[in-house]
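**Q** Okay, here's the prediction I keep looking at, along with the sequence it came from:
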Amino acid sequence: MISINSLTVSFGGFTLLDSIDFHISENDKIGLVGKNGAGKSTVMKLICGLQSPTSGSIDKPNDIRIGYLPQIMDHHKGRTVMEEALTAFDQVNAIQEELDAIGVTLASRTDYESESYMNLISRMNDLSDALAFFHSEPPEVLAEKTLLGLGFKDTDFGRKTETFSQGWNMRIELAKILLSDPDVLLLDEPTNHLDIESIEWLEDYLKNRKGSLLLVSHDRKFLDNVTNRTVEIMLGHIHDYKVPYSQYVELRKERLSQQTAAYENQQRMIEKTEDFINRFRYKPTKSNQVQSRIKQLEKLDRIEIDETDNVRLTVKFPPAPRAGDIVFKASGITVGYPGKVVFSDADIEVKRGEKVALIGRNGEGKTTLMRVVAGELEPLKGEAKIGYNVSLGYYAQNQEDILDQKLTVWETLDNIAVGDIRTKLRDILAQFLFRGEDIDKKVSILSGGERARLGMAKFMLQPYNLLALDEPTNHMDIKSKEILKQALKAYDGTLIVVSHDRDFLDGLVDKMYEFRDGRVKEHLGGVSDFLEKRKIENLRELERRFGSATANPVASEAAKAGSGTSKEKAREDFEKRRNESKEIARLKRRVEFLESEIGKIEEKMKEIEKVLSNPGKDDDILELTRTYLEHKRELDHKTAEWESLMEKLDE
């Protein structure tokens with residue numbers, strides 16, 4: 001469908017992409033990964049034609065429809081949310097007009113066997129299929145479902161787009177792209193401005209959608225659940241893996257390990273050969289052997305180890321001084337701003353050593369509560385107070401406003417550091433990837449990721465016993481987020497965190513406060529259990545709203561069960577059937593994958609068998625045999641797994 005051929009992008013003597021090649025096929029769902037600045041967004045702009053390469057080409061069909069969501073975009077004004085979303089269906093009118101024109105043309109033609117007549121028939125069928133999709137439901141219903149899935153409420157549909165923040169306008173643009181149903185979706189960090197529930201909705205939508213997808217995301221769980229292929233950009237080159245992100249991490253580690261082992265073995269062989277040549281070079285009785293070894297080295301295909309970018313964060317928080325048993329307590333608080341109450345009558349208690357997440361849709365009050373904890377905002381009613389001997393470290397979401405734009409990276413820390421910590425500033429900055437000339441950069445020219453790292457570095461200057469972190473992983477790549485997560489798990493103080501990253505929260509927090517419809521509710525346990533329950537509630541709500549014909553069939557079954565038995569029994573039965581259904585679907589997907597892989601391996605083995613049956617003079621029999629045996633081991637392993645899964649499905 002789309003072919004990237006020997007693509008190079010250079011500027012100012014620096015090569016960002018160095019002769020890369022890969023292909024996007026129909027129904028490929030690709031995760032494009034790499035560190036910040038590796039060139040992921042550039043690849044998307046090149047495919048869309050918004051940027052030109054230094055050399056190379058991108059081949060794509062002329063009639064292909066591409067939907068592109070950049071990280072930063074212009075937003076339209078003057079329409080309501082619903083009116084703007086419905087502009088996605090403008091193409092329906094164009095399709096209908098072309099279909100009508102073809103009908104008029106065909107009515108006047110009699111050359112039924114001609115190629116041009118058949119081409120018109122084919123085009124008419126394609127257009128009819130396209131209209132069938134749009135007419136499956138009224139545009140207003142499709143738009144309403146999509147907007148609700150992305151977090152809008154009924155009361156938002158009539159509001160003008162300019163009354164919403166940039167993040168909410170991004171959701172409108174995303175809704176328009178999804179409703180337009182392009183052949184290829186290019187999504188650059190689509191989860192940046194979404195809350196957890198909207199991310200899960202988008203995840204389900206993309207999993208079930210037909211068509212190609214190229215996705216840039218720093219959300220590991222999102223990548224795992226949506227993609228079936230991972231393309232890594234590292235130091236200007238790409239590595240293509242036909243698996244989701246977590247499997248790619250393991251395969252990449254294995255590939256580099258094998259490559260390193262092969263390289264070391266070859267280096268030992270070269271060293272021994274060169275030693276033999278040097279020892280016996282001038283001995284006439286060994287001259288033939290020496291010449292043979294020299295030719296052997298000249299013909300040797302030397303193994304090279306792929307360059308890797310191993311620069312990463314090394315975060316370790318200082319030990320936390322002891323605080324009182326209650327670190328933060330709010331009783332019956334109502335919080336908001338003049339003329340607007342955000343949430344009311346909330347009771348919140350955070351004890352020493354707890355790791356607590358604040359979750360819920362954007363705009364429900366999570367950041368507002370953080371401001372109360374930090375002492376920046378007083379409740380309108382009720383009482384909120386910090387506990388005894390609490391030292392608070394507050395990481396705000398708006399780092400652009402918190403950090404002084406006029407200072408350098410070094411001055412930002414140097415101006416607030418006191419005592420012995422001043423001697424460790426370079427080490428602290430190095431932990432957060434500020435090395436050499438980087439420490440002299442002005443804050444005003446730092447990227448979003450660099451500002452996030454600098455804000456986090458400030459926490460190293462004082463031993464806080466309460467960390468209040470508002471979206472700390474925004475702009476961080478996957479590796480950096482994992483390192484920060486492990487550092488927070490090891491932190492012996494108290495943590496309050498706002499995040500929409502499920503993978504980051506999973507295993508980190510043990511209590512949550514959910515902000516929803518002006519109320520705050522406590523949930524004990526992990527984030528996965530909470531989200532599963534919330535998804536079930538949302539499915540039931542969709543069924544009530546749109547009817548059984550458009551609701552999830554599993555949810556419909558649960559609703560029927562509830563009418564004949566107790567609600568608790570119905571819920572248990574529903575969850576059991578739902579989990580069984582999900583497990584069967586997972587097993588079937590794995591079986592299909594294994595069958596495809598087994599077929600590929602068998603083809604490779606047949607090709608090697610052909611060569612081995614009639615080898616040429618340049619064929620390396622030992623290498624071919626080794627490769628054949630590796631394929632055989634992999635085939636046996638995958639076949640055994642396939643047989644095991646088939647037995648489970650037959651039970």
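**A** Cool, got the structure.

**Q** ok but Gly616 is inside a strand, no?
**A** No: assigned with DSSP: H, G, I helix; E, B strand; the rest coil, Gly616 falls outside any strand and is coil.

**Q** State the distance from it to Gln486.
**A** Note on Gly616: its distance to Gln486, by Cβ to Cβ, to the nearest Å, is 53 Å. C-betas here are computed from N, CA, C, even on glycine.

**Q** Looking at the two, which is more packed in?
**A** More crowded of Gly616 and Gln486, by other Cβ atoms under 10 Å: Gln486, with 14 against 6.

**Q** contact partners of the helix or strand containing that one?
**A** Gln486 belongs to helix 478-490 when assigned by DSSP states H and E. Contact with helix 478-490 is made by 33, 35, 218, 220, 245, 312-317, 355, 453, 456, 467, 472-473, 476, 495, 497, 501, 503-504, 507-508, as judged by Cβ atoms under 8 Å, 6 or more residues apart in numbering.

**Q** So among those residues, which ones count as buried?
**A** 33, 35, 218, 220, 245, 313, 315, 317, 355, 453, 456, 467, 472-473, 476, 495, 497, 501, 503-504, 508 (16 or more other Cβ atoms under 10 Å).

**Q** Now do the phi/psi pair for the nearest residue to Ala320 once chain neighbours are set aside.
**A** Among residues not flanking Ala320 along the chain, Gly493 sits closest, at 3.1 Å (Cβ to Cβ, 6 or more residues apart in numbering). Here is the backbone geometry of Gly493 (degrees, to the nearest 10): phi -100, psi -160.

**Q** Check what pLDDT Tyr248 gets.
**A** Looking at Tyr248, its pLDDT reads 89.

**Q** and Asp90, which of the three is it?
**A** helix.

**Q** which sections of the stretch 201-350 of the chain are below the confidence cut-off?
**A** Applying pLDDT under 70 to the stretch 201-350 of the chain flags the ranges 304-313.

**Q** Please enumerate the helices of it.
**A** With helices called from DSSP state H, counting those that start in this stretch, the stretch 201-350 of the chain shows them at 220-226, 245-280, 287-299.

**Q** Could you dump those helices into TSV and include distance to Ser180?
**A** Converted to TSV, these look like this (distance: least, Cβ to Cβ, whole Å):
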stretch	distance to Ser180
helix 220-226	19
helix 245-280	27
helix 287-299	56
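
**Q** Could you chop the chain up by domain?
**A** Listed domain ranges for the chain are 1-64+183-190+206-242, 80-180, 253-299, 326-533, 569-650 (source: automatic domain parsing).

**Q** Dump those to TSV, plus distance to Ile196.
**A** Shown next, in TSV, are these (distance: least, Cβ to Cβ, whole Å):
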stretch	distance to Ile196
domain 1-64+183-190+206-242	10
domain 80-180	10
domain 253-299	29
domain 326-533	5
domain 569-650	19
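
**Q** Would you check that Gly149 makes contact with Tyr205?
**A** Yes: assessed by Cβ atoms under 8 Å, Gly149 is found in contact with Tyr205 at 6.9 Å.

**Q** Comparing the two, which shows the higher neighbour count?
**A** Gly149 (20 against 15).

**Q** who's in contact with that one?
**A** Contacts of Gly149 by Cβ under 8 Å, 6+ apart are 198, 201-202, 205.

**Q** Leaving out the residues flanking it, which one is nearest to Lys442?
**A** Thr408 (5.7 Å).

**Q** Tell me, how many residues neighbour that neighbour?
**A** 17.

**Q** looking at it, it is touching Ser444, isn't it?
**A** No: taking contacts as Cβ under 8 Å, Thr408 lies outside contact range of Ser444: 9.9 Å.

**Q** can you give me the helices in the stretch 1-150 of the chain?
**A** Going by DSSP H, counting those that start in this stretch, the stretch 1-150 of the chain shows helices at 40-48, 81-86, 90-107, 115-134, 139-149.
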